[in-house]
Each structure stands twice: as structure tokens, then as C-alpha cells.
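Undergrad: This is a predicted model, with the sequence first.
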Amino acid sequence: MTTPLLLQNGGQLSSEDVRRLAAALLPPAPSAAVSPMQRKPTKPRRRRQLKLKAQIIRDQNKIRRKVKAALDRYALQNNN
């Protein structure tokens with residue numbers, strides 16, 4: 001059972017408010033495009049960068065899944 005998200009004044013957040021909040025907290029993953037002005041990294045450095053980007057994307061996806069699940073539960077709760 002989940003508890004509704006309450007505001008300080010006792011009001012509830014709408015599902016749209018929660019979606020906007022989630023979008024603000026979780027911006028889309030950065031573009032893979034590389035500026036031509038950037039120098040080409042060395043192989044070990046590039047591997048570290050790719051590993052870090054992959055970890056960031058996994059973390060963002062994990063948070064997105066949790067937010068979506070919370071929003072789905074919230075929507076089901078309010079439709080009854």
C-alpha cells in the first residue's frame with residue numbers, strides 16, 4: 001500500500017505534477033554526438049568514459065522504472 005504524496009499545506013500532488021517533477025529530476029540521457037572540437041581520448045580513458053556513461057544510463061533507467069511504478073500505483077489508487 002502506498003501513501004499519497006502530500007504537500008505541506010495538506011493538498012495532494014496530481015499525477016501530472018508528479019510526472020513534471022520526475023521529468024525535471026531525470027532529464028533525458030545526453031546525446032552521443034561528439035563535438036568536432038573535442039580531442040580524441042586515449043583508449044583507456046575512452047573505456048572509462050564509456051563505462052561511466054553506461055553506469056549513468058543504468059542508474060537513470062532504474063530511477064525511471066521506480067518513478068513509473070510509483071506513478072502507475074498512484075494512478076490506480078486515484079482511479080478507484
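TA: Received the coordinates, thanks. For clarity, every value in this text was computed on a predicted model and none was experimentally measured. Residues are numbered from 1 along each chain as shown.

Undergrad: ok, the spatially most central residue of the chain - contacts?
TA: Nearest residue to the geometric centre of the chain (C-alpha atoms, centre = their mean): residue 26, 3.2 Å. Applying C-beta atoms under 8 Å, 6 or more residues apart in numbering, one finds that residue 26 lies in contact with 60, 63, 64, 67. C-beta: built from backbone N, CA, C; applies to glycine.

Undergrad: and with 10 Å instead?
TA: 59, 60, 61, 63, 64, 67 (C-beta atoms under 10 Å, 6 or more residues apart in numbering).

Undergrad: Give me the buried positions along the helix or strand hosting the third one.
TA: I take that to be residue 61. When elements are assigned from DSSP states H and E, residue 61 belongs to helix 43-79. Under the neighbour-count criterion of 16 or more other C-beta atoms under 10 Å, helix 43-79 has 67, 74 buried.

Undergrad: Check which helices and strands it sits against.
TA: Judged by 3 or more C-beta pairs under 10 Å, 6 or more residues apart in numbering; DSSP states H and E, the packing partners of helix 43-79 are helix 15-25.

Undergrad: by contact count, what packs against the helix it packs on?
TA: helix 43-79.

Undergrad: Next, the angle from the helix it packs on to helix 15-25.
TA: Using axes from the mean of the first three to the mean of the last three C-alpha atoms, to 10 degrees, the direction of helix 43-79 lies 170 degrees away from that of helix 15-25.
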